[in-house]
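>>> 3D model of this:
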Amino acid sequence: MPRRSGRRKNRRGASLALAAVCMFALIGVGALAIDLGMLYKARADALYAAEAAALAGASAFLDSPNYNGTAVQQEAVDRAREYAHNNRILTDSIPVDAVTVQVIPAELKVRVRVGPVSIGTWFAPVFDEGSVPVSAVAAAAVEEGDDVSCVSPFMIPDTWAETAEDNVLSNGWEDSAENWTFDAGQGDGYDQSGNGFGSDYRNGQADESSDQYTADYGRRMILQASQPAGGGGGTPGRTLNTWDFWAFDEDDPDLEQAVEMDECREGAVGMGENYELITDEAAKDGVRQRLRERMQADNTTRWDPSTGTIISNLPDWRSSSRVIKVGIYNPEMLAALDAGGSQVPFTNVVLFLLEDVDDQNAISGRFLYYVTGSGSGNQDESGGSMVKHIRLVE
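Sure thing, here's the model as predicted:
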């Protein structure tokens, strides 16, 4: 009968080998985690760059109404590329050929793709992955907004479609040969998006200076302080290119303070909200004096009729003290004002370039375009078509 050996197998060091194998696995997992974390950071950097570039590109639509023009679309591309290349992915600059910009003018949208950019890895080469492509896409669009801050304390009626009886020159604009008076009884009509300021209603037509404008951008206006004339639901006695304006009060008894050079009105003006008109001439005089001070504070920003653009020594002409925000109201409210009404809701707020406040207290300047607002507008209820904000949509 065979005898069992009394010697036991020596298992000394087995635990050490197992620990070494486990340690190798843990190191491998940790190494991959480092690479994955680095790739996650690179993907986030690419997305941030794409978002910043899309927002910058879409901002070009706020500077001109001619969003179908090649100049505006090229500006959108240039801004998007500039902002994209100002960013980095990890520590490296974004290559020029890694940025693709798509402009969609019909939607006032700019879509930006950043990448693919090859990101080198530390440990993935063990698995034959020396680099991993990273990319991101973002899109931003200009949309309607609601509330606008820093609005000057006066308002003007929006323009309208005049009947053929008064629209002698048929150019959709008030001329010296016409009795341009809003009178719904005579068929005059108002469609905020169809014939109001900033619409395409007058495109291709010329004023008495033979100047043509796209969406009224740069059209010269003269604002006269007028009282409702009474009768007929209109404003008889208008002169060439002259629009009535009234001061309004937004719970602020001192209108002078509302347009001081370094101050803005507290709170925002909302579309569709009623604001109380002020007929006190002393208050209007204060408004005009403050506007004169704003013009004196900037002698460089001006409209260049030869190019149809704003010239300014400032980095952004919108920051000029000459550029103000003016409330617009529905001209159908004129009848209510004639009847003694004292409150008017805004339908729009527009940018206006101050050029002069003359000895007769007429305010002259240029109708510009979009005002940057906040919130998400509703055209049918409260959104002003000229009040815009930019947001990421993709």
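
>>> Tell me the secondary structure of Q102, please.
State at Q102, reduced to three classes by DSSP: H, G, I helix; E, B strand; the rest coil: strand.

>>> Would you mind measuring from it to N87?
18 Å (Cβ to Cβ, to the nearest Å). Placement of C-beta: from N, CA and C, glycine included.

>>> before we move on, what about I363?
Taken as Cβ to Cβ, the span from I363 to N87 is 43 Å.

>>> So between these two, which is more surrounded?
Neighbour count, other Cβ atoms under 10 Å: between I363 and N87, I363 has more, with 26 against 18.

>>> Restricting to C-alpha, output stretch 151-165 in CSV.
Taking Å, rounded to 0.1, in the frame of the first residue of the first chain, the C-alpha atoms of stretch 151-165 are listed here in CSV:
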residue,chain,number,x,y,z
VAL,A,151,-35.8,102.5,-23.0
SER,A,152,-35.9,106.3,-23.6
PRO,A,153,-39.0,107.9,-22.1
PHE,A,154,-40.9,108.7,-25.3
MET,A,155,-42.8,106.8,-27.9
ILE,A,156,-43.8,107.1,-31.5
PRO,A,157,-46.6,105.5,-33.6
ASP,A,158,-45.6,102.7,-35.9
THR,A,159,-46.0,103.2,-39.6
TRP,A,160,-49.0,101.9,-41.5
ALA,A,161,-50.5,101.1,-44.9
GLU,A,162,-52.1,104.3,-46.2
THR,A,163,-55.0,104.3,-48.6
ALA,A,164,-54.4,105.0,-52.2
GLU,A,165,-56.3,108.3,-51.8
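
>>> Could you check how far it is from the centre of its chain?
How far stretch 151-165 lies from its chain's middle: 22 Å, per Cα atoms, centre = their mean, to the nearest Å.

>>> ok, now stretch 40-48?
The chain centroid and the centroid of stretch 40-48 are separated by 27 Å under Cα atoms, centre = their mean.

>>> Buried residues, that stretch. List them.
Under the neighbour-count criterion of 16 or more other Cβ atoms under 10 Å, stretch 40-48 has 42-43, 45-48 buried.

>>> what do you get for stretch 340-352?
In terms of neighbour count (16+ other Cβ under 10 Å), stretch 340-352 has its buried residues at 344-352.

>>> what does the average pLDDT come to for that stretch?
Throughout stretch 340-352, pLDDT has a mean value of 84.

>>> so where's the stretch 1-150 of the chain shaky on pLDDT?
Within the stretch 1-150 of the chain, the stretches with pLDDT under 70 are 1-35, 121-130.

>>> now the stretch 251-394 of the chain
Counting by pLDDT under 70, the ranges of the stretch 251-394 of the chain that qualify are 251-267, 279-280, 338, 375-384.

>>> Would you map the strands across it?
Counting by DSSP state E, counting those that start in this stretch, the stretch 251-394 of the chain has these strands, from start to end: 268-270, 274-278, 302-304, 309-311, 323-329, 343-357, 363-367, 371-372, 384-392.

>>> closest to A98 out of these?
strand 384-392 (20.2 Å; Cβ to Cβ).

>>> what's the offset of that closest one from the middle of its chain?
Counting by Cα atoms, centre = their mean, strand 384-392 is centred 5 Å from the centre of its parent chain.

>>> do stretch 324-331 as well
Put simply, stretch 324-331 sits 17 Å off its chain's centre (Cα atoms, centre = their mean).

>>> any residues touching it, and which ones?
Residues outside stretch 324-331 that contact it (Cβ atoms under 8 Å, 6 or more residues apart in numbering) are 148, 150-152, 154-160, 182, 190, 192, 196-197, 248, 259, 269, 275, 291, 294, 344-352, 354, 371, 384, 386.

>>> Pull out the buried residues from stretch 160-170.
Within stretch 160-170, the residues scored as buried using 16+ other Cβ under 10 Å are 160-162, 166-167.

>>> right, I mislabeled it, should have said stretch 275-290
275, 277-278, 283-284, 286-288, 290.

>>> Over to stretch 61-77?
By 16+ other Cβ under 10 Å, the buried positions in stretch 61-77 come out as 61-67, 72-73, 75-77.

>>> How is this structure partitioned into domains?
The chain breaks down into these domains under automatic domain parsing: 16-143, 147-388.

>>> Just send the ones you listed back as a markdown table, with distance to E394 too.
Listed next are those as a markdown table, based on distance: least, Cβ to Cβ, whole Å:
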| stretch | distance to E394 |
| --- | --- |
| domain 16-143 | 4 |
| domain 147-388 | 16 |
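
>>> Give the burial count for I310, as a bare number.
Neighbours of I310 (other Cβ under 10 Å): 21.

>>> Might one say that it is in contact with L351?
No: applying Cβ atoms under 8 Å, one finds I310 not in contact with L351, separated by 10.0 Å.

>>> For the two, list the residues in contact with both.
Shared contacts of I310 and L351, defined by Cβ under 8 Å, 6+ apart, comprise L368.

>>> and S342, what is it in contact with?
Counting by Cβ under 8 Å, 6+ apart, S342 has contacts 276-277.

>>> Cross the buried residues of stretch 40-48 against helices and list the overlap.
42-43, 45-48 (DSSP state H).

>>> Let's have these in JSON lines, adding distance to R219.
Listed next are those as JSON lines, based on distance: Cβ to Cβ, whole Å:
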{"residue": "A42", "distance to R219": "49"}
{"residue": "R43", "distance to R219": "47"}
{"residue": "D45", "distance to R219": "44"}
{"residue": "A46", "distance to R219": "43"}
{"residue": "L47", "distance to R219": "41"}
{"residue": "Y48", "distance to R219": "40"}
